[in-house]
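Enquirer: fold the stuff below for me.
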Amino acid sequence: MTSDKPPGVGIFAHDWPDFLTQKNVLGGQAWYYQQIFRLADDQEADPDLGILKAVGAYVKDELSRARRVKKARRQPVV
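Expert: Next up is the predicted model:
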């Protein structure tokens, strides 16, 4: 398979199908967001945080925020 992408290393090599590359990008995004959230909470960044754990924490954070927003919208304005 030829590609214009630079060569990757290991499981994140450039010859993976696009949907796996997209999941890798989303995993990286979740990892960086979790580091930013940790820094905002006056904690140190965790460079050993795994991609899957970061994605799980990111999804959990997003769902809890969405539930709070939905709950707040149901409350009457005083």
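Enquirer: pull the contacting residues for residue 76.
Expert: By C-beta atoms under 8 Å, 6 or more residues apart in numbering, no residues touch residue 76. C-betas here are computed from N, CA, C, even on glycine.
Enquirer: let's verify it: helix, strand, or coil?
Expert: Here residue 76 is recorded as coil under DSSP: H, G, I helix; E, B strand; the rest coil.
Enquirer: kindly report the same for residue 43.
Expert: Going by three-state DSSP: residue 43 is coil.
Enquirer: then residue 30?
Expert: helix.
Enquirer: distance of residue 60 from residue 51?
Expert: 15 Å (C-beta to C-beta, to the nearest Å).
Enquirer: which one of these two has more residues nearby?
Expert: residue 51 (15 against 10; other C-beta atoms under 10 Å).
Enquirer: just give the nearest non-adjacent residue to the more buried one, would you?
Expert: residue 27 (4.1 Å; C-beta to C-beta, 6 or more residues apart in numbering).
Enquirer: how far away is that neighbour from residue 56?
Expert: Distance from residue 27 to residue 56, by C-beta to C-beta: 11 Å.
Enquirer: out of those two, which sits in the busier spot?
Expert: Between residue 27 and residue 56, counted using other C-beta under 10 Å, the more crowded position is residue 27 (17 against 13).
Enquirer: and for residue 45, the neighbour number?
Expert: Residues near residue 45, counting by other C-beta under 10 Å: 12.
Enquirer: try residue 33
Expert: Using other C-beta under 10 Å, residue 33 has 16 neighbouring residues.
Enquirer: same thing with residue 40?
Expert: Residue 40 has 8 nearby residues by other C-beta under 10 Å.
Enquirer: likewise residue 31?
Expert: Neighbour tally, residue 31, other C-beta under 10 Å: 21.
Enquirer: chain neighbours aside, what residue packs nearest to it?
Expert: Residue 31's closest residue in space is residue 54 (C-beta to C-beta, 6+ apart), at 4.1 Å.
Enquirer: and residue 1, what pLDDT?
Expert: The per-residue pLDDT reported for residue 1 equals 46.
Enquirer: kindly report the same for residue 12.
Expert: 54.
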